[in-house]
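*Asks:* Okay, predicted coordinates and the sequence, questions at the end:
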Amino acid sequence: MKASIATVSISGNLVEKLKAISSAGFYGVEIFEQDFIAHDGTPRDVGNMVRDFGLEITLFQPFRDFECLPEPLRSKAFDRMERKFDVMQELGTDLVLICSSVHPASLGGIDRAADDLRELGQRAAERGLRVGYEALAWGRHVNDHRDAWEIVRRANHPNTGLILDSFHTLGRKLSPESIRSIPGDRIFFVQVADAPAIEMDLLYWSRHFRNMPGEGDLDVKHFMQAVAATGYDGPVSLEIFNDQFRGGNPSTVALDGYRSLMALMDDVRRVEPEASIDLPDLPERVVVEGIEFIEFAARGDELTFLSDLLMQLGFSRVGIHRNKAIALWQQGNIRIVVNSETAGHAGAVWSAKGLSVCDIGLRVNSAGDALRRARTLGAKPFAQPLGPGELDIPAIRGLGGSVFHFIDAESGLAEVWHQEFEGKPTAAATEGPLKAFDHIAQTMNYQDMLSWSLFFTSLFQMKKLPMIDVVDPDGLVRSQAIESEDRKTKITLNGAETHRTLAGSFAAKHFGAAVQHLAFSTEDVFDAAEALSSNGFEILPIPGNYYADLAARFDFPDDLLERLRAANILYDEENGAPFFQFYSRQTAGGLFIEIVQRDAAYSGFGAPNAPFRIAAQKRAGLAKGMPAT
Ligand SMILES: O=C(O)c1ccc(O)c(O)c1
Ligand SMILES: [Mg+2]
């Protein structure tokens, strides 16, 4: 598959864009005229530079307001095009995109447009070039790919073809099914973009909010399935107009683009097996069966603090690593690894961020497949030198300096706890009030949220829940939950825009992204609150006003409200399904703990409680015993 991307999708100058696009692994690039004009170098220089980066120019674009003009505007449009043909020949590309006209003088008329495009095709043919016609969703007379195809069909010239763009079709809620009846060899080029479902003017939506396939809400897969069915085998190109990406890191955006495009075409290949899509061999998205462990980097006073906290939470220290300064803490099947090594990844994370989560172990159906899929989608493998008797557990670098290990049953990797740790931990011996990880909350800058959600949804069988607003007294935090198909593994992505919010100040201290809280589930929140309190765990105090409001919102049996108030437990429900939660105070780094009791039918995370919980955390200050580093 010829993976391509438009220069407009990436920030920076032309050289920075090309460098990022080339390193991400793309085959080719659409040269946006603006990027070309802004560059100081002849068209020939640009063409050579693109090829020196190992890229092909797949398309030159856009050429606007061409068809259906009255004279003398019509002749002027042809003259203008001839000058662009000169540029294309110097650049070394044979295809230009003509987008449907928005010109006030455009007369319309399918046959008039077809005549103009036939003549243009003929002029292009004389120079060995081709022209492709795209319906803009807001085109004056042509704004539907079916009309654009009818024009191209009637133009009936081998050098005039159709250009399809998923945004213009799906953004107007047109079914892509009609694409199936277009001959594949009449489609000259295909552009893909996704977008979030927001009601707004089409042009504004398109120019500012497009995003990578899988990052938005459009059915780009359905669109590409229809394209694949035609036998089209030309470039598939990302054309993403997005304000955040324009200001983002060029290589991150290019890598996300590559990852999203490969995952998309792999999905299409699986549902449209007749279509021949040439892609590297790629295992399916792996199934996440659970969180096998969470690893903290902790040293000195912070190690003492964390160890005390784990004891208060009911964990037992069940093992010590044979070769390294690493302890294994366990409660039932919940495993927390505490790494105090001065060298290696944990050492580096501690030096940079202090007490923080440095590694997440995911239990998957196949650790080998997880690694292969991640690598093919552009993730970097992660490895550290192995000591005697240590298992080689597949791992990758995630985003923001994170590391993920993959553990499965089939390769015997789950034996790591017995192999590498002294002490023979059994789950039964460590039973306590906490039963599992309910969710892991990953905090990041708002502009990094799409990269993170794409990371999880493209590698794993996980899906996004609707984005919600979490109201911090000092600003809004956007929260997007990602969960496994069985809904047991949940990761929340919290994107902060200002560092005055709890999440924002945490992101700032952690250089962009880190796990801000761990939420454990319990089967009886009142028992858990009592057990933890008697261990010395300080539950975050919640003000009386909150409980007065709860009494007004819900019909509680007599003593429930009193019990909630007495234990500082927060409450929410969804269609009658109850949800209980209580919190710790913050640590110096901003990390904290949550305990929840969730009815299986409750899908949220207690967002209505967030403003009161966050205000309480800001008021309560640091957890006792937390060294103020
Ligand atoms: O927003 C535009 O004008 C524009 C230009 C060229 C395209 O290919 C497109 O999809 C949109
Ligand atoms: Mg387009």
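*Replies:* Great, that's in hand. Ligands and ions are numbered 1, 2, ... in the order given.
*Asks:* So which residues of the stretch 51-200 of the chain form helices?
*Replies:* 73-91, 110-126, 145-155, 166-170 (DSSP state H, counting those that start in this stretch).
*Asks:* Equivalent analysis for the stretch 351-500 of the chain, please.
*Replies:* Counting by DSSP H, counting those that start in this stretch, the helices of the stretch 351-500 of the chain are 367-376, 416-420, 449-459.
*Asks:* Could you identify which of those has the lowest mean pLDDT?
*Replies:* With a mean of 91, helix 416-420 has the lowest mean pLDDT of these.
*Asks:* buried stuff in that helix?
*Replies:* Using 16 or more other Cβ atoms under 10 Å as the test for burial, helix 416-420 gives 416-417, 420. All C-beta spots, glycine's among them, are computed from the backbone N, C-alpha and C.
*Asks:* rewinding a little: just name the most buried of the helices of the stretch 51-200 of the chain.
*Replies:* Highest mean neighbour count of these: helix 166-170, a mean of 26 (counted as mean count of other Cβ atoms under 10 Å).
*Asks:* what about that helix and ligand 2, any contact?
*Replies:* No - for helix 166-170, no contact with ligand 2 is found by Cβ under 5 Å from the ion; the gap never falls below 6.6 Å.
*Asks:* what's that helix packed up against?
*Replies:* Other helices and strands packing on helix 166-170, by 3 or more Cβ pairs under 8 Å, 6 or more residues apart in numbering; DSSP states H and E, are strand 187-192, helix 220-229.
*Asks:* Just name the most buried of those.
*Replies:* Highest mean neighbour count among the helices and strands packed on helix 166-170 (mean count of other Cβ under 10 Å): strand 187-192, with a mean of 26.
*Asks:* which element follows that strand toward the C-terminus?
*Replies:* helix 202-209 (DSSP states H and E).
*Asks:* on that earlier part again, with ligand 2 as the reference, name the closest of the helices of the stretch 351-500 of the chain.
*Replies:* helix 449-459 (20.0 Å; Cβ to the ion).
*Asks:* and that closest one, how far from the chain's centre?
*Replies:* The gap between where helix 449-459 is centred and where its chain is centred comes out at 3 Å by Cα atoms, centre = their mean, to the nearest Å.
*Asks:* which residues sit against that helix?
*Replies:* The contact list for helix 449-459 (Cβ atoms under 8 Å, 6 or more residues apart in numbering) reads 211-212, 214-215, 244, 252, 256, 259-260, 263, 285-286, 370, 373-374, 377, 379, 398-399, 442, 444, 462-464, 478, 480, 482, 491, 493, 495, 513.
*Asks:* same thing but 6 Å
*Replies:* Applying Cβ atoms under 6 Å, 6 or more residues apart in numbering, the external contacts of helix 449-459 come out as 211, 214-215, 256, 259-260, 263, 373-374, 377, 399, 462, 464, 480, 482, 493, 495.
*Asks:* now swap in stretch 514-533 and tell me
*Replies:* Stretch 514-533 has contacts (Cβ under 6 Å, 6+ apart) with 356-357, 433-436, 438-443, 506, 567, 569, 580, 582, 592-597.
*Asks:* Not counting residues beside it along the chain, what's closest to the closest residue to ligand 1 within the stretch 101-250 of the chain?
*Replies:* Proximity of the stretch 101-250 of the chain to ligand 1 (Cβ to the nearest ligand atom) peaks at residue 165, 4.7 Å away. Nearest residue to residue 165, sequence neighbours excluded (Cβ to Cβ, 6 or more residues apart in numbering): residue 191, at 4.1 Å.
*Asks:* so who does that neighbour touch?
*Replies:* Neighbouring residues of residue 191 by Cβ under 6 Å, 6+ apart: 165, 237, 239.
*Asks:* Take the helices of the stretch 51-200 of the chain and write them to JSON lines, including distance to residue 549 and mean pLDDT.
*Replies:* Formatted as JSON lines, those follow (distance: least, Cβ to Cβ, whole Å; pLDDT from 0 to 100):
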{"stretch": "helix 73-91", "distance to residue 549": "64", "mean pLDDT": "98"}
{"stretch": "helix 110-126", "distance to residue 549": "62", "mean pLDDT": "98"}
{"stretch": "helix 145-155", "distance to residue 549": "52", "mean pLDDT": "98"}
{"stretch": "helix 166-170", "distance to residue 549": "42", "mean pLDDT": "98"}
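*Asks:* would you list those helices in TSV and tack on distance to residue 278?
*Replies:* Below are the helices of the stretch 51-200 of the chain laid out as TSV (distance: least, Cβ to Cβ, whole Å):
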stretch	distance to residue 278
helix 73-91	26
helix 110-126	28
helix 145-155	24
helix 166-170	20
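*Asks:* most neighbours per residue, which of the helices of the stretch 351-500 of the chain?
*Replies:* Neighbour counts (mean count of other Cβ under 10 Å) averaged over each of the helices of the stretch 351-500 of the chain peak at helix 449-459, with a mean of 24.
*Asks:* gap between the residue in the stretch 451-600 of the chain positioned nearest to ligand 1 and residue 379?
*Replies:* Among the residues of the stretch 451-600 of the chain, residue 454 lies closest to ligand 1, at 21.3 Å counting by Cβ to the nearest ligand atom. Computed as Cβ to Cβ, to the nearest Å, the residue 454 to residue 379 distance reads 11 Å.
*Asks:* tell me, what's touching the two both at once?
*Replies:* Overlap of the contact sets of residue 454 and residue 379 (by Cβ under 6 Å, 6+ apart) is empty.
*Asks:* Flag every buried residue along stretch 270-287.
*Replies:* Buried, per 16+ other Cβ under 10 Å, within stretch 270-287: 272, 275, 277, 282, 285-287.
*Asks:* one step back: and the gap between the residue nearest to residue 165 and residue 264?
*Replies:* Relative to residue 264, residue 191 is positioned 13 Å away (Cβ to Cβ).
*Asks:* repeat for residue 616
*Replies:* Using Cβ to Cβ, residue 616 is found at 43 Å from residue 264.
*Asks:* how many neighbours does residue 428 have?
*Replies:* 6 (other Cβ atoms under 10 Å).
*Asks:* Repeat that for residue 1.
*Replies:* Around residue 1 there are 19 residues (other Cβ under 10 Å).
*Asks:* which regions of the chain sit below the pLDDT cut-off?
*Replies:* Residue ranges of the chain with pLDDT under 70: 424-427, 626-629.
*Asks:* got a list of what the residue lying closest to residue 102 once chain neighbours are set aside touches?
*Replies:* Nearest non-adjacent residue to residue 102, counting by Cβ to Cβ, 6+ apart: residue 140, 5.1 Å away. Applying Cβ under 6 Å, 6+ apart to residue 140 gives the contacts 101-102, 106.
*Asks:* Tell me the one of those nearest residue 171?
*Replies:* Closest to residue 171 out of these is residue 102 (15.6 Å), distances taken as Cβ to Cβ.
*Asks:* Neighbours of that closest one, how many?
*Replies:* Here the number of neighbours of residue 102 (other Cβ under 10 Å) works out to 16.
*Asks:* Over to residue 182?
*Replies:* As a burial measure, residue 182 scores 23 neighbours (other Cβ under 10 Å).
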